[in-house]
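*Asks:* What would the 3D arrangement of this be:
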Amino acid sequence: MSDDETKRIIVIDDNQAIHEDFRMILLKDKKPNELASLEALIFADEAHATDNRMDYELSYACQGQEGVERIKYAHDSGEPFQLAFVDMRMPPGWDGLETIEHIWEIDPDIQVVICTAYSDYSWEEITHRLGDTNNLLILKKPFDHTEVSQLANALTGKWELAQQASMKMQDLEKIIEDKTRDLIQARDIAEYASKSKSEFLAHMSHEIRTPISGVIGMTELLLETMLNDEQKEYVKTIGSSSEMLLTMINDILDYSKLEAGKMRLESIPFDLKEAIAEVAFILTPKAREKGVELKVNYTPDIPQTVQADPVRLRQIMFNLMGNAVKFTQEGQVAIDVNIKEHKDDSACFEISVQDTGIGMEPKVCQAIFEKFTQADSSTTRKYGGSGLGLAITRQLVEMMGGTISVESTPGEGSIFKVVVPLNLPSTDGRDGTQEGAEDSDTTPFSARILLAEDNPANQKITSVMLQNAGHTVDIAANGRDAVQMVNANQYDLVLMDVQLPDLNGLEATARIRRAGYELPIIAMTANSYDESHNECINAGMNNSLTKPVKKDELLKQIKKYCAQPGTSALSHS
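*Replies:* I've put the predicted structure just below:
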């Protein structure tokens, strides 16, 4: 209610003289009744004769029940009273306290002043009955005109401020409610989109990795046959091309995992020089084809073994070295590895990859580590790539606690530098030594293995790998057959594809476990997400391998779980 709107007051008192007193006090420019009637006759102005309201509009009631009815009507009509002056004694009906109780049942916001000439009730008694409220005051009779005027002005103003605050609060609550609803809707949409994206990527991962597994697996098998040097070179090229295609797929999946915060780093001992050499070996044919020299230099103080995540470190090097080879038409790509700082249990390594390629403008260097960024659209068309490699590289480097930077000159080449801290394993034989000793044990053994796989190419590849290693292999083309074959035979280990027809690998494993079989079950899945691994473990599997499965890793897992063939497959309990 604005300042220029009427302030509505009701006086509830059984004494008509009191009504007149309030009229004289609160209605400004009040003239005697005779003068008001004379003006009405002279000016023939009915409104002038009846409308004496200035700051207030007054209503009157002689009994409590009558006043409550007026207050209810005003409240229901949307024109509530702001203030009520209530007499304490109004025989023969309700007294002031009972009247106020009924008033606040209808309108708890109205301000009330108790008008009394007696000490009928103490303030403690009044508040005990009406409650401890700040909407109540007492005015002693006979009252002072100035005091009445000040109370009317202050309490109606207080009512207006309270209403404005209530409206603001309602507006604020509405805004918060709307924003909360929008945020919940946006969260639900984002969660649904994230779930849909994960499901889509998992599905596409399976669909794409399955044929790639066939290409890579057959390539490995072909390399083990009698080939001349030229044929071997061709097959190696097929293998390296397949690996590069797989890398691009992994880039997309890795970036999705990084965005979702689901990427986890391992910390295991490995040979740093060997890891970089493996990357260089993969890229050498491409570099040689372009006439580009690829060389790796190490300072003498480089330790042989470091402790970190070898897969992710190789991924970093593959992205940087692969980019350097891709964008260099002549000259060389040089990888320099040195130590910037050495401590007892760690060292800060600087790995630089320098090329004599096309180079980049300074503005491109600033954005090159952002996703889907390449120098320009012609670069994408000419050289290909997902535009995710360097974005993933930066995030992996930062996850390892390092930094990455680039310096480049158009037409002359670029230098990418990675500075990363790596732990140095202790030399007491506890880090890496036992694992190495286990790997060095080449005692041959034969295990009976059930391969649950529906893809014919993967059946062929995996079974040949296992048979060449001296193992016996049975094949189940679906999950239901796998369960039945475990019931009918005694196996040392089961290799279980997750995406099996009829009964998937998770359900098949759960049935095998419920039947009481404790033989090792290793999942083979095209889904590289951590959730997939956890699902396999929760279903009762011992471990999981991501397709395409490498022969060395496959045989290593079999050796781990079948160290004593014939004893790991327990009989039905």
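*Asks:* which of the residues in stretch 7-15 are buried?
*Replies:* 7-14 (16 or more other CB atoms under 10 Å). For every residue, glycine as well, the C-beta is placed using N, CA and C.
*Asks:* And stretch 447-463, end to end?
*Replies:* 12 Å (CA to CA, to the nearest Å).
*Asks:* quick one: average pLDDT of it?
*Replies:* Stretch 447-463 shows an average pLDDT of 92 in the prediction.
*Asks:* gap between it and the chain center?
*Replies:* The chain centroid and the centroid of stretch 447-463 are separated by 38 Å under CA atoms, centre = their mean, to the nearest Å.
*Asks:* List the buried residues for that stretch?
*Replies:* For stretch 447-463, burial by neighbour count (16+ other CB under 10 Å) applies to 447-455, 458-463.
*Asks:* Stretch 14-29 too?
*Replies:* 14, 18-19, 21-22, 25-26.
*Asks:* Three-state assignment for the residue nearest to residue 362 when sequence neighbours are not counted, please.
*Replies:* Nearest non-adjacent residue to residue 362, counting by CB to CB, 6 or more residues apart in numbering: residue 408, 7.9 Å away. In three-state terms, and counting by DSSP: H, G, I helix; E, B strand; the rest coil, residue 408 is strand.
*Asks:* where in the stretch 201-350 of the chain is pLDDT low?
*Replies:* Applying pLDDT under 70 to the stretch 201-350 of the chain flags the ranges 201-202, 205-206, 244, 247, 255-262.
*Asks:* what about the strands in it?
*Replies:* Here the stretch 201-350 of the chain has its strands, by DSSP state E, counting those that start in this stretch, at 268-271, 292-298, 305-308, 331-342, 346-355.
*Asks:* closest one to residue 193 among those strands?
*Replies:* strand 305-308 (33.7 Å; CB to CB).
*Asks:* the inter-axis angle of the helix or strand harbouring residue 414 versus strand 331-342?
*Replies:* Using DSSP states H and E, residue 414 sits in strand 413-423. If you take axes from the mean of the first three to the mean of the last three CA atoms, to 10 degrees, strand 413-423 sits at 30 degrees to strand 331-342.
*Asks:* Counting by contacts, list what strand 413-423 packs against.
*Replies:* strand 305-308, helix 310-326, strand 346-355, strand 403-409 (3 or more CB pairs under 8 Å, 6 or more residues apart in numbering; DSSP states H and E).
*Asks:* TSV please, covering the ones you listed and showing distance to residue 513 and mean neighbour count.
*Replies:* Below are these laid out as TSV (distance: least, CB to CB, whole Å; neighbours: other CB atoms under 10 Å):
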stretch	distance to residue 513	mean neighbour count
strand 305-308	35	20
helix 310-326	30	22
strand 346-355	43	20
strand 403-409	45	16
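*Asks:* right, and the ones you listed - which one's nearest residue 483?
*Replies:* Among the helices and strands packed on strand 413-423, the nearest to residue 483 by CB to CB is helix 310-326 (33.4 Å).
*Asks:* helices or strands up against that closest one?
*Replies:* Counting by 3+ CB pairs under 8 Å, 6+ apart, helix 310-326 packs on helix 229-259, helix 272-290, strand 292-298, strand 331-342, strand 346-355, helix 389-399, strand 413-423.
*Asks:* rerun at 7 Å
*Replies:* helix 272-290, strand 331-342, strand 346-355, helix 389-399 (3 or more CB pairs under 7 Å, 6 or more residues apart in numbering; DSSP states H and E).
*Asks:* Need the CA coordinates for that helix. CSV is fine.
*Replies:* Extracted in CSV, the C-alpha atoms of helix 310-326 (Å, rounded to 0.1, in the frame of the first residue of the first chain):
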residue,chain,number,x,y,z
PRO,A,310,52.9,-46.0,-17.7
VAL,A,311,49.8,-46.2,-19.9
ARG,A,312,49.0,-42.5,-19.4
LEU,A,313,52.6,-41.5,-19.8
ARG,A,314,52.9,-43.4,-23.1
GLN,A,315,49.6,-41.7,-24.1
ILE,A,316,51.1,-38.3,-23.4
MET,A,317,54.2,-39.1,-25.4
PHE,A,318,52.2,-40.7,-28.3
ASN,A,319,50.1,-37.6,-28.6
LEU,A,320,53.1,-35.2,-28.6
MET,A,321,55.3,-37.3,-30.8
GLY,A,322,52.5,-38.3,-33.1
ASN,A,323,51.5,-34.7,-33.7
ALA,A,324,55.2,-33.8,-34.4
VAL,A,325,55.5,-36.5,-37.0
LYS,A,326,52.1,-35.7,-38.5
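*Asks:* And the contacts of it?
*Replies:* 247, 265, 268, 270, 275-276, 278-280, 283, 286-287, 292, 294, 333, 335, 353, 355, 357, 383, 389-390, 392-393, 396-397, 416, 418 (CB atoms under 7 Å, 6 or more residues apart in numbering).
*Asks:* Now a PyMOL select for only the buried ones of those.
*Replies:* Per 16+ other CB under 10 Å, the buried members of these correspond to this PyMOL selection:
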select buried, resi 247+270+275+276+279+280+283+286+287+292+294+333+335+353+355+357+389+390+392+393+396+397+416+418
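*Asks:* just to revisit the earlier point, wait, which of the buried residues of stretch 7-15 is closest to residue 486?
*Replies:* Closest to residue 486, out of all of the buried residues of stretch 7-15 and judged by CB to CB, is residue 8, at 86.8 Å.
*Asks:* What does the pLDDT read for the closest one?
*Replies:* So, for residue 8, pLDDT stands at 93.
*Asks:* my guess is it is in a strand, correct?
*Replies:* Yes - applying three-state DSSP, one finds residue 8 inside a strand.
*Asks:* What's opposite it in the beta bridge?
*Replies:* Beta bridges link residue 8 to residue 57, judged by DSSP bridges.
*Asks:* Could you check how many residues crowd around residue 181?
*Replies:* Close neighbours of residue 181, defined as other CB atoms under 10 Å, add up to 10.
*Asks:* Secondary structure element holding it?
*Replies:* Secondary structure assignment for residue 181, by DSSP H and E: helix 145-223.
*Asks:* Which secondary structure elements does that helix sit against?
*Replies:* Looks like helix 145-223 contacts strand 7-12, helix 16-26, strand 83-87, strand 111-116, helix 229-259, helix 456-468 (3+ CB pairs under 7 Å, 6+ apart).
*Asks:* Among these, which comes closest to residue 158?
*Replies:* strand 111-116 (6.4 Å).
*Asks:* so which of the strands of the stretch 201-350 of the chain comes closest to residue 502?
*Replies:* Of these, nearest to residue 502 by CB to CB is strand 268-271, at 38.0 Å.
*Asks:* What strands flank the closest one, and is each parallel or antiparallel?
*Replies:* In the sheet, strand 268-271 lines up against strand 305-308 (antiparallel) (DSSP bridges).
*Asks:* hang on, the earlier thing: which residues are in contact with the strand holding residue 414?
*Replies:* 306-308, 316, 320, 340, 345-357, 359-360, 397, 400-408.
*Asks:* repeat for stretch 119-132
*Replies:* Contacts for stretch 119-132 (CB under 7 Å, 6+ apart): 88, 97, 100-101, 136.
*Asks:* returning to what we had before: quick one: buried residues of the strand holding residue 414?
*Replies:* Going by 16+ other CB under 10 Å, strand 413-423 has these buried residues: 413-420, 422.
*Asks:* what's the distance between it and the middle of its chain?
*Replies:* Relative to its parent chain, strand 413-423 has a centroid offset of 30 Å by CA atoms, centre = their mean.
*Asks:* ditto for stretch 221-230
*Replies:* 49 Å.
*Asks:* what comes up buried for it?
*Replies:* So stretch 221-230, judged by 16+ other CB under 10 Å, has buried residues 221-222.
*Asks:* Can you give me the end-to-end span of that stretch?
*Replies:* End-to-end for stretch 221-230, by CA to CA: 17 Å.
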